[in-house]
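**Q** pasting the structure only:
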């Protein structure tokens with residue numbers, strides 16, 4: 001928001017896999033009505049919580065959004081922390097389809113080592129790109145290989161490739177203790193703002209929530225309180241712990257990308273606002289790239 005105010009020609013493009021859901025506002029820290037009135041935002045409120053929103057659908061919505069921003073002579077500034085979504089839109093990842101029946105068959109095997117051995121026989125290149133114990137990735141690779149009738153690896157180099165695409169990517173890095181404190185403070189503010197009531201309303205909807213939406217941090221834990229009677233304080237403590245772990249994984253994901261320029265921030269990101277502006281403007285002046 002500070003960058004958008006300072007430049008005057010910026011519109012914000014959310015790269016957040018949960019802000020796409022309507023009604024999931026407090027728990028995703030969605031921009032307020034006032035913030036959206038001040039600076040135009042894109043790629044929020046795209047889907048009903050009952051839908052399983054896909055990366056491919058996000059890619060399509062992104063292309064429409066940035067074309068709209070450019071057509072009005074504005075600059076799209078991508079913000080958010082969903083690493084796969086960011087890479088998918090910046091690097092044009094080819095996203096394989098979904099094969100639910102195949103996935104059910106694959107997931108019926110409880111032994112991840114067996115699944116990995118099966119994948120290694122069908123697609124050794126894909127198997128070599130992942131940890132044998134990473135069940136989620138192994139299952140997905142097998143689902144695609146069997147469902148599409150072609151190796152998972154044939155869909156491109158995937159998230160481990162970092163081609164230059166003419167964008168400037170900037171990461172704000174905070175000390176972990178500061179992040180942990182901010183996570184705890186964030187949940188306190190969200191609960192005070194009505195997060196529990198928001199979760200109750202979502203859970204009571206006739207259409208329900210998709211498995212994807214139900215996995216959102218904070219929502220997943222409070223749904224256990226609403227639907228199964230788990231103690232609220234225990235659910236909030238679990239949400240805090242899971243969010244801290246997620247922040248570590250998020251940091252590792254982005255740290256792998258050599259294209260990111262990291263700026264250290266102690267408390268408020270606005271203190272590096274001038275540096276951010278200089279970085280962005282120098283890049284545009286030098287290369288004509290997109291911020």
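**A** That came through, no problem. This structure is a prediction, so every number in the text was calculated from the model and none was measured.

**Q** hang on, residue 11 in a strand?
**A** Yes - residue state for residue 11 (DSSP: H, G, I helix; E, B strand; the rest coil) corresponds to a strand.

**Q** who touches the residue lying closest to it once chain neighbours are set aside in this structure?
**A** Nearest residue to residue 11 in three dimensions, chain neighbours excluded: residue 40, at 4.4 Å (C-beta to C-beta, 6 or more residues apart in numbering). Yep, even glycine has a C-beta here, placed from its N, CA and C like the rest. Residues in contact with residue 40 (C-beta atoms under 8 Å, 6 or more residues apart in numbering) are 11-12, 74.

**Q** Just the pLDDT at residue 40, thanks.
**A** Looking at residue 40, its pLDDT stands at 96.

**Q** now it: how far from residue 152?
**A** 38 Å (C-beta to C-beta, to the nearest Å).

**Q** same deal with residue 144?
**A** Residue 144 is 5 Å from residue 152, by C-beta to C-beta.

**Q** can you list residues touching both of those two?
**A** residue 96.

**Q** if we can go back for a sec, let's have the contacts of residue 40 in CSV, adding pLDDT, distance to residue 108 and neighbour count.
**A** Output for those, formatted as CSV (pLDDT from 0 to 100; distance: C-beta to C-beta, whole Å; neighbours: other C-beta atoms under 10 Å):
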residue, pLDDT, distance to residue 108, neighbour count
11, 95, 46, 19
12, 96, 43, 23
74, 92, 50, 17
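
**Q** Any stretches of the stretch 101-250 of the chain with poor pLDDT?
**A** 157 (pLDDT under 70).

**Q** Endpoints of stretch 123-141, how far apart?
**A** Taking C-alpha to C-alpha, to the nearest Å, the first and last residues of stretch 123-141 lie 9 Å apart.

**Q** correction: stretch 264-277
**A** With C-alpha to C-alpha as the measure, the ends of stretch 264-277 fall 15 Å from one another.

**Q** do stretch 67-80 as well
**A** 19 Å.

**Q** So for stretch 109-117, what gets flagged as buried?
**A** 112, 115-116 (16 or more other C-beta atoms under 10 Å).

**Q** Columns distance to residue 176 on top of these, output as TSV?
**A** Formatted as TSV, the buried residues of stretch 109-117 follow (distance: C-beta to C-beta, whole Å):
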residue	distance to residue 176
112	29
115	33
116	31
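
**Q** how deep is residue 176 tucked in, by neighbour count?
**A** 12 (other C-beta atoms under 10 Å).

**Q** now swap in the one 4 residues further on and tell me
**A** A count of neighbours around residue 180, defined by other C-beta under 10 Å, yields 15.

**Q** follow-up on the earlier one: of the contacts of residue 40, just say which sits nearest to residue 184.
**A** residue 12 (26.1 Å; C-beta to C-beta).

**Q** what's the pLDDT at the nearest residue to residue 195 once chain neighbours are set aside?
**A** Once flanking residues are discounted, residue 195 sits nearest to residue 26: 4.7 Å by C-beta to C-beta, 6+ apart. The model reports residue 26 with a pLDDT of 98.
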